[in-house]
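In: coordinates only, sequence not included:
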């Protein structure tokens with residue numbers, strides 16, 4: 001039976017090997033994302049016979065990614081089903097991209113229950129549009145950026161020297177938004193702390209914006225696949241019009257040269273976040289699916 005264990009920083013090269021082979025532009029297919037959220041979502045992995053298995057969730061309520069690797073995918077999925085039977089866990093795969101969904105439908109004809117997970121669909125943008133903010137749909141963003149650029153502002157990459165100032169922005173954002181409480185917001189703060197703590201080891205890059213010498217916004221991301229860069233975290237102080245559009249535009253301009261697309265992750269079903277992400281006019285949503293077995297074989 002599969003033997004899962006907690007994901008560790010030393011797993012980065014191994015896991016990224018599987019992720020590079022898949023070349024999927026979804027946020028779950030990022031080692032950095034898996035690692036910084038590992039404690040919140042109880043992320044565990046197992047490598048066996050050419051496949052990587054990823055499990056999250058507490059005992060008895062697990063979610064799995066579709067097994068990654070080369071070989072017999074049907075046998076790999078059946079290993080997960082066996083693990084679920086042995087551990088009293090309902091089988092459920094999340095974050096399954098459309099191409100993997102189609103393959104699984106051929107491997108398990110008439111047996112699957114498939115649900116489109118809109119709340120976890122990633123927003124994908126054209127990098128050049130986010131850089132220039134060209135076009136009528138982005139005019140308001142462009143106006144905000146131009147307005148703040150008339151002030152005493154500057155952009156710089158995140159370094160060990162300015163990281164404490166970025167962390168102060170995070171702490172202030174927490175206080176302003178009452179986000180240091182139990183539940184999801186507190187969990188996000190834990191993930192952000194992990195991102196800062198292991199910034200260099202995870203291969204992250206980031207940027208921050210100063211206004212009158214004070215850091216007012218920061219962002220962190222990493223290359224996701226061959227043509228897409230992913231933004232994991234973006235925070236700005238409240239009461240500063242244009243801070244978010246500016247840090248977004250500047251990070252795209254300075255850190256993402258050579259990439260065609262930008263993944264700004266999902267909205268988790270939050271209405272305000274959905275409106276904000278749609279306002280940047282994504283070129284598409286990266287759709288993923290939840291897959292369960294409607295019936296068992298035999």
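Out: Nice, I can see it. Since the structure is predicted, the reported quantities are computational estimates derived from the model, not experimental observations.

In: I'd assumed residue 293 was in contact with residue 92.
Out: No - applying C-beta atoms under 8 Å as the test, residue 92 and residue 293 come out as separate, 9.1 Å apart. The C-beta positions use only the backbone N, C-alpha and C, and glycine is treated the same way.

In: where along the stretch 101-250 of the chain do the helices fall?
Out: All helices of the stretch 101-250 of the chain, identified by DSSP state H, counting those that start in this stretch, fall at 127-132, 139-148, 163-177, 184-197, 243-255.

In: quick one: contacts for residue 273?
Out: Contacts for residue 273 were tallied using C-beta atoms under 8 Å, 6 or more residues apart in numbering; they are residue 267.

In: mind redoing it with 10 Å?
Out: Residues in contact with residue 273, defined by C-beta atoms under 10 Å, 6 or more residues apart in numbering, are 123, 265-267.

In: pLDDT below threshold where in this structure?
Out: Scanning the chain for pLDDT under 70 picks out the ranges 178-187, 295-298.

In: Try it again at 50.
Out: Along the chain, the model assigns pLDDT under 50 to residues 181-184, 298.

In: picking up where we left off before, so for residue 92 and residue 293, which residues contact both of them?
Out: With contacts taken as C-beta under 10 Å, 6+ apart, residue 92 and residue 293 have 84, 113 as neighbours in common.

In: how about residue 268, what does it touch?
Out: Residue 268 makes contacts with 119-120, 184, 188, 274, as judged by C-beta under 10 Å, 6+ apart.

In: That one: what secondary structure?
Out: Here residue 268 is coil, with the state taken from DSSP: H, G, I helix; E, B strand; the rest coil.

In: measure it to residue 275 for me?
Out: Going from residue 268 to residue 275 by C-beta to C-beta, to the nearest Å gives 13 Å.

In: do the same with residue 76
Out: Distance from residue 76 to residue 275, counting by C-beta to C-beta: 39 Å.

In: okay, the two: which has more neighbours?
Out: Ranked by neighbour count (other C-beta atoms under 10 Å), residue 76 and residue 275 place residue 76 first, with 20 against 10.

In: Isn't that one up against residue 51?
Out: Yes - checked against C-beta atoms under 10 Å, the pair residue 76 and residue 51 is within contact range at 4.7 Å.

In: Of the contacts of residue 268, grab the buried ones for PyMOL.
Out: Applying 16 or more other C-beta atoms under 10 Å to those, the buried members can be selected in PyMOL as follows:
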select buried, resi 120+188+274
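
In: so residue 3 touches residue 83, yeah?
Out: Yes - using C-beta under 10 Å, residue 3 is in contact with residue 83, at 9.3 Å.

In: out of these two, which sits in the more crowded spot?
Out: Ranked by neighbour count (other C-beta under 10 Å), residue 3 and residue 83 place residue 83 first, with 20 against 10.

In: Output the contacting helices and strands for the host helix or strand of that one.
Out: Per DSSP states H and E: residue 83 is located in helix 73-87. Helix 73-87 is packed against strand 44-48, strand 51-56, strand 63-64, helix 98-107, strand 288-293, with contacts defined by 3 or more C-beta pairs under 10 Å, 6 or more residues apart in numbering; DSSP states H and E.

In: Could you export the ones you listed to a markdown table, including columns for distance to residue 246 and mean neighbour count?
Out: Formatted as a markdown table, the helices and strands packed on helix 73-87 follow (distance: least, C-beta to C-beta, whole Å; neighbours: other C-beta atoms under 10 Å):
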| stretch | distance to residue 246 | mean neighbour count |
| --- | --- | --- |
| strand 44-48 | 38 | 18 |
| strand 51-56 | 34 | 22 |
| strand 63-64 | 36 | 22 |
| helix 98-107 | 34 | 14 |
| strand 288-293 | 31 | 20 |
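
In: out of those, nearest to residue 30?
Out: Of all these, strand 51-56 sits nearest to residue 30, with 11.7 Å by C-beta to C-beta.

In: partners of that closest one in the sheet?
Out: strand 44-48 (antiparallel), strand 63-64 (antiparallel), strand 68-69 (antiparallel) (DSSP bridges).

In: could you redo those as JSON lines and give each row distance to residue 170?
Out: Converted to JSON lines, the strands paired with strand 51-56 look like this (distance: least, C-beta to C-beta, whole Å):
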{"stretch": "strand 44-48", "distance to residue 170": "27"}
{"stretch": "strand 63-64", "distance to residue 170": "27"}
{"stretch": "strand 68-69", "distance to residue 170": "32"}
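
In: export the helices of the stretch 101-250 of the chain to CSV and tack on distance to residue 102?
Out: Formatted as CSV, the helices of the stretch 101-250 of the chain follow (distance: least, C-beta to C-beta, whole Å):
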stretch, distance to residue 102
helix 127-132, 28
helix 139-148, 36
helix 163-177, 40
helix 184-197, 32
helix 243-255, 32
